[in-house]
Every structure is written in C-alpha cells, then in structure tokens.
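>>> below: sequence and its predicted model.
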Protein chains: 2
Amino acid sequence: MKDTEQSIIEAAILIFNEDLSAPLEKVADQAQVTRRTLHRYFKDRKELMDKCQKEIRKACAIAMSNAYNTSENPRERLEAMFYAGLDCGSKNTFLHKLHTLHDHKHQAANEECSEYDDTFELWKGNLQVLLTKGVINQGMTVDWIHNFFQSVVVVFINSQQRGPLSRAEARQLAWFSFSKGIGI
Amino acid sequence: MKDTEQSIIEAAILIFNEDLSAPLEKVADQAQVTRRTLHRYFKDRKELMDKCQKEIRKACAIAMSNAYNTSENPRERLEAMFYAGLDCGSKNTFLHKLHTLHDHKHQAANEECSEYDDTFELWKGNLQVLLTKGVINQGMTVDWIHNFFQSVVVVFINSQQRGPLSRAEARQLAWFSFSKGIGI
DNA sequence: GTAAAATGTCTCAAATGTGTGACATTTTGG
DNA sequence: CCAAAATGTCACACATTTGAGACATTTTAC
C-alpha cells in the first residue's frame, strides 16, 4: 500500500512552493485524496507545513552530505553537490524560498534558520574553499553563488516540467550555466 | 497627491509575487491604505490581479523596447535588454511566475499568454539571432536562456533586499553570471 | 477658509476555508 | 471470504476573508 502521508507531504511541497496560502483542498487534490483524509494525517495547516520542512531538510541534507563525500577535491565536490541539488528539485527551492520570504526574520537564534544553515553548511563551506583558492571568479560572494545555485535549480525544474529537454540534457545545461556563471 | 491606485498595484505585485493567495489586507497594509480604500479602486481580487498584469506588461514591454532601440548590434542589445530586465525587478519575475504556474495552461489562443509572449518577443528574437550567429553557446535553447535570465533577475532582487552588495556591484555580478552562463 | 474629493472607521452579510464527528464504502492482508 | 484498516461522503460549527453601505474625518484644490 502506498504511503499516503508521504504523498500528501510531496503534494504540499509542490503546491505551497507555488502558492504559500493555497487552500488545503488544493493539496488534497494534488495528492489525490480527500481533504478529510489529509486532516486524518495532519492536525492542521501548521503541522503539515512543519512536516514538509522536516522532510525537505532531511532529503536535502542527506543528498548534499552524500555528494560531499564522493570526493576529497573541492572542485569535484562542487559538481557533485550541484547535481545533488538538482535532484532535490522543488524541495531544494522551497526551503530556500521559505528562508528568503520578506517577512521572515533571519536570526541565528531562530531554530528553523539555523537548521537551514546547517542544511547548506557543507555546500557553503566548500564554496568558501574554492573562493579562497581563486578557482571561482573574484568579486563573487558565497551568498550570491548560493542564490544563483538555487535559481539554476528553478530553471532546471521548469525545463523538466514543460520543456523538450531530456533530464540529461537539462542537467548538462544547468551545470554549464552554473559553473560558467560563477567563473569556473 | 500621490496616485493611490498605482501604489496599490505596486504593493500587490510585491505581495502576490511572494504569496499568490495572500489576503487583500496584506496588500492594503503594504500600500499603507485601508482595505476599504483598496476596494474603492478595485472591484475584487480578480480586477486587481488583472490591473497588476496590465501594469507589469506595460512596464516591461516599454523597458525592453527602449533597450532594444539603444543599438543595432545584437550583442549590445542583449546587454542593454538584460539590464532593462533587472530594472523591471519583481514586475519581470512576477509576470514570468504567473506564466509558469503549474495549473496554467499555455496556449497561443490564451489572451494572457500571447500578451506574455509579446512582452518578450523582441528579447527572444534577439536571442535567436545571437544563437544562429553562434555568439551564444550551442546546445542552449531560447527557452532555457529566457528562464535563466528570469532566474538571474531573482538573484539580483534577493541580493538587493538583504545583501551587502551595492546596486552597481550586483548589476555587474548579474551580467557576469548571465553572460558567462549562456556561453558568451 | 471652504467645498469637494479622498480616505478612514465601523458595521454587516455573504462567501470561502478549516477542522471534526458519524457513518458508508473500499482496500488491505490473512 | 472476512475482519480490520483506510478512505470517502456528508454534515456541521467555526474562523477568516471578502465586498460594500453609512457616515466621520482628513486632505486637496481653489
């Protein structure tokens, strides 16, 4: 039997990523269940949202960590982690979006923020190494590169949703645009 | 006297860009008026949204058209139009977002879609010229480049909202990431 | 200063979204 | 096939959002 709870979470990530205040009915529709069933798994909107964030952080952190460990070489790590980010797809971008919302106050004290930072700690650390070594174009900042990375993931997702490009072609293009775009 | 209608539209573009289903009260707050006043100018949510789209298309189309006419050279046109896109900021990205929504059916017959296409007709036409001439990296598609362009605008906006980069620095970085990212 | 225009305040009805109980139906696993 | 679990259907109370009327207050233009 398919895991209803999981499919509702995946649906919620898709829907909320496009429309944060979307009615729960939209999420239920996307997950192909009734609103009543959704409420059997999640007490309310907040609980669903929390579970989404937990799921996202878990998936992204694992993928990034695995990619990090595929190599000792910072340059190779960058590429592996980049592809890992692509594979996390909308989970990746949704997490980043929540973190950059206008009314979102960024504080280290804030639990969710520090968890966000943790998620991309390895990624940003590796970026810093490449910056210091001069592999990446001067003038770039870690924040710019990170935002740029997230944006390229969005482009990749869009191209998959309606474009004629195969996944492999899109991955190639994405890496090209990202790596050249940061001056490698 | 300041133009209330216009400031409500600007506020709505900001708010809806982050949260499509945000309550109108948020828009009113952002525009520093009462919800009652908002409703004096706009019959309902749909009318406000339509006015936003109209405003956006007008602003983007004018900016792009002006930039197009600054030069006869496709390569210089590209750069001028890129900066024009940056200057349109969230108007630019919101229009693109609406156009790439999941439940949005893209059809040439659709009036809004064709208007969207019109808005970036010059931009895409110029891209095609550069692609054909081989100035831009092969393998790139006009759609990819256009999505990529929109993404870089988002990075630029984010960097302005909370980053330490000056507008001029951010513009430079943006052009670097974009131009290199498409293989110029 | 004054009249007109614009906006705010208060109020309310309608529409929409939310969460849950009761019970029917379907699906699952043995 | 059968009992249990999961899900759907319907109904309901409640909260929030929406749109507008009536009137007070403020702002604008002259």
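Looks like it came in fine. Residues are numbered from 1 along each chain as shown, chains lettered A, B, ... in the order given.
>>> give me the buried positions along whichever strand or helix holds residue A:10.
Applying DSSP states H and E as the criterion places residue A:10 in helix A:4-18. Using 16 or more other C-beta atoms under 10 Å in any protein chain shown as the test for burial, helix A:4-18 gives A:5, A:8, A:9, A:10, A:11, A:12, A:13, A:14, A:15, A:16, A:17, A:18. In short, each C-beta sits where N, CA and C put it, glycine included.
>>> near DNA strand D at all, that helix?
Yes: counting by C-beta under 7 Å from any atom of the strand, DNA strand D is contacted by helix A:4-18 at residue A:4.
>>> tell me if the helix or strand following that helix is near chain B.
Note on helix A:4-18: by DSSP H and E, the next helix or strand toward the C-terminus is helix A:24-31. No: contact of helix A:24-31 with chain B (C-beta under 8 Å from any C-beta of the partner chain) is absent, the minimum separation being 8.7 Å.
>>> what helices or strands is helix A:24-31 leaning on?
Here helix A:24-31 touches helix A:4-18, helix A:35-41, helix A:45-68, going by 3 or more C-beta pairs under 8 Å, 6 or more residues apart in numbering or on different chains; DSSP states H and E.
>>> at 6 Å instead, please
Applying 3 or more C-beta pairs under 6 Å, 6 or more residues apart in numbering or on different chains; DSSP states H and E, one finds that helix A:24-31 contacts helix A:4-18, helix A:35-41.
>>> now do the last one: everything it contacts.
Contact partners of helix A:35-41, identified using C-beta atoms under 6 Å, 6 or more residues apart in numbering or on different chains, comprise A:5, A:8, A:24, A:25, A:28.
>>> please redo it, this time with the cut-off set to 8 Å
Outside helix A:35-41, the residues within contact range by C-beta atoms under 8 Å, 6 or more residues apart in numbering or on different chains are A:4, A:5, A:8, A:24, A:25, A:27, A:28, A:31, A:48.
>>> count of residues packed around the residue nearest to the third one when sequence neighbours are not counted?
It refers to residue A:8. Closest residue to residue A:8 apart from its sequence neighbours, by C-beta to C-beta, 6 or more residues apart in numbering or on different chains: residue A:31 at 4.5 Å. Using other C-beta atoms under 10 Å in any protein chain shown, residue A:31 is surrounded by 22 other residues.
>>> ok, residue A:156 next?
For residue A:156, the count of nearby residues is 30 (other C-beta under 10 Å).
>>> list the contacts for it?
Taking C-beta under 8 Å, 6+ apart, we find residue A:156 in contact with A:86, A:89, A:170, A:171, A:174.
>>> hmm, try it at 7 Å
Residue A:156 makes contact with A:86, A:170, A:174, according to C-beta atoms under 7 Å, 6 or more residues apart in numbering or on different chains.
>>> and chain A, what are its domain boundaries?
The record assigns chain A these domain ranges, following automatic domain parsing: A:1-42, A:53-181.
>>> and the ones you listed, which one averages the lowest pLDDT?
If the domains of chain A are sorted by mean pLDDT, domain A:53-181 sits at the bottom with a mean of 92.
>>> show the end-to-end separation of that one, please.
29 Å (C-alpha to C-alpha, to the nearest Å).
>>> now do the top helix by length along chain A: which elements does it pack against?
Of all the segments assigned as helix in chain A under DSSP state H, the longest by residue count is helix A:74-99. Helix A:74-99 is packed against helix A:4-18, helix A:45-68, helix A:111-119, helix A:121-132, helix A:142-162, helix A:167-181, with contacts defined by 3 or more C-beta pairs under 7 Å, 6 or more residues apart in numbering or on different chains; DSSP states H and E.
>>> try it again with 6 Å
helix A:4-18, helix A:45-68, helix A:121-132, helix A:142-162.
>>> need the winner for burial among these.
Comparing these by mean neighbour count (mean count of other C-beta atoms under 10 Å in any protein chain shown), helix A:142-162 ranks first with a mean of 22.
>>> thought residue A:93 was touching residue A:154?
Yes: between residue A:93 and residue A:154 there is a contact at 5.4 Å, judged by C-beta atoms under 6 Å.
>>> just want the angle from the longest helix of chain A to helix A:142-162.
Counting by axes from the mean of the first three to the mean of the last three C-alpha atoms, to 10 degrees, helix A:74-99 lies at 80 degrees to helix A:142-162.
>>> tell me the buried residues in helix A:74-99?
By 16+ other C-beta under 10 Å, the buried positions in helix A:74-99 come out as A:74-75, A:77-99.
>>> need the residues of chain A near chain B, please.
Within chain A, the positions near chain B by C-beta under 6 Å from any C-beta of the partner chain are A:18-22, A:100, A:102, A:143-144, A:147-148, A:151, A:154-155, A:158, A:163, A:173, A:177, A:180-181.
>>> now the closest residue to residue A:42 other than its chain neighbours: how far from DNA strand D?
Setting aside the residues directly before and after it, residue A:42 is nearest to residue A:48 in space (C-beta to C-beta, 6+ apart), at 4.1 Å. Separation of residue A:48 from DNA strand D (C-beta to the nearest atom of the strand, to the nearest Å): 15 Å.
>>> hang on, residue A:48 packs against residue A:55?
No: applying C-beta under 6 Å as the test, residue A:48 and residue A:55 come out as separate, 10.5 Å apart.
>>> and the contacts of helix A:35-41, which two are furthest apart?
A:5 and A:25 (17.8 Å; C-beta to C-beta).
>>> residue A:157 versus residue A:82, what's the distance?
14 Å (C-beta to C-beta, to the nearest Å).
>>> oops, could you answer that again for residue A:118 instead?
Residue A:118 sits 24 Å away from residue A:157, going by C-beta to C-beta.
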